[in-house]
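Student: the sequence and its predicted three-dimensional model are supplied below.
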Amino acid sequence: MYGTDVALLVIDLQPDFMPGGALPCPHGDTIVPGIAALLSARHYHTVVATQDWHPADHASFASQHHGRKPFDAIELHGQPQTLWPDHCVQGTEGASLDARVDWKHADLILRKGTQRLVDSYSAFRENIGPQATRAPTGLAGWLHERGIREVHVCGLARDYCVLWSAQDAAISGFRVRFLWELTRPVVAASDEATRIALMEAGIEIG
Ligand SMILES: [Zn+2]
């Protein structure tokens, strides 16, 4: 059991990011038992889960950009934006939280990417504008007000939403531990770049 000032943040553990889903992370399903065990063992006093939750015409979908295809890179609101297959559409089965985890131990379920024109990789900030001024989701305040000083992150995908959440957590003043084995990337060749980005941000990998 960790101290009461440590929170677990589970990012986007949803069927659309699993093998067979709309935007699969290879082997993404292999992290589910470990995360389920962490929750059921009550190792963390505070658990937050995020849920990617897009309107059907979301701007991150390649289908919304004429002549574009999934994984094309564009710029949106001054941020690099990868265009994705349609995924995690609000109310669909693929957008649900993974049924193999007992979410009753989650204190907060934060939905993100809910605005049509704005994507949100990070649990803490929207993908809009320069890093330090991106619009906050309110999660940093929620954690700070509850006395949380350290955040452990896991989930999907290692190279996007988990990485961005970890970086923003560090910027927001939390000690951060990146639970590497409880993450999987959507782009397999990204691991070296992810490790470098984490080290540059002073984030512990463990
Ligand atoms: Zn998304």
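Tutor: Cool, got the structure.
Student: only C-alpha atoms from now on, for both contacts and neighbour counts.
Tutor: OK.
Student: could you give the backbone dihedrals for the residue in the chain sticking out farthest from the centre?
Tutor: For the chain, the residue at maximal distance from the C-alpha centroid (C-alpha atoms, centre = their mean) is G67, at 27.9 Å. With angles defined as degrees, to the nearest 10, G67 sits at phi 80, psi 0.
Student: for it, give its distance to I74.
Tutor: 12 Å (C-alpha to C-alpha, to the nearest Å).
Student: got it, and P55?
Tutor: Separation of P55 from I74 (C-alpha to C-alpha): 20 Å.
Student: chain center to the longest strand along the chain: distance?
Tutor: Longest strand of the chain, by residue count under DSSP state E: strand 175-184. What separates the centre of strand 175-184 from the centre of its chain is 11 Å, taken as C-alpha atoms, centre = their mean, to the nearest Å.
Student: with just CA atoms, put that strand into CSV.
Tutor: These are the backbone C-alpha positions of strand 175-184, laid out as CSV (Å, rounded to 0.1, in the frame of the first residue of the first chain):
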residue,chain,number,x,y,z
ARG,A,175,6.6,13.3,-8.8
VAL,A,176,5.9,10.9,-11.6
ARG,A,177,6.6,7.2,-12.0
PHE,A,178,5.9,5.7,-15.5
LEU,A,179,4.9,2.1,-15.0
TRP,A,180,6.5,1.0,-18.2
GLU,A,181,5.4,-2.7,-18.2
LEU,A,182,1.8,-1.6,-17.7
THR,A,183,1.8,0.4,-20.9
ARG,A,184,2.0,-0.5,-24.6
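Student: partners of that strand, with directions?
Tutor: The pairing partners recorded for strand 175-184 under DSSP bridges are strand 150-156 (parallel), strand 204-205 (parallel).
Student: got the angle for the helix or strand just after the first one vs strand 175-184?
Tutor: Pointing back at strand 150-156 there. Counting by DSSP states H and E, the next helix or strand C-terminal to strand 150-156 is helix 163-171. Orientation check (axes from the mean of the first three to the mean of the last three C-alpha atoms, to 10 degrees): helix 163-171 against strand 175-184 gives 170 degrees.
Student: list of residues touching helix 163-171?
Tutor: 121-125, 132, 140, 151, 153, 157, 175-178, 194, 198, 201-203 (C-alpha atoms under 8 Å, 6 or more residues apart in numbering).
Student: any of those residues buried? List them.
Tutor: Buried members of these, scored by 16 or more other C-alpha atoms under 10 Å, are 121-125, 140, 151, 153, 157, 175-178, 194, 198, 201, 203.
Student: circling back: so the residue farthest from the centre of the chain versus E75, what's the distance?
Tutor: For G67, the distance to E75 - C-alpha to C-alpha - is 15 Å.
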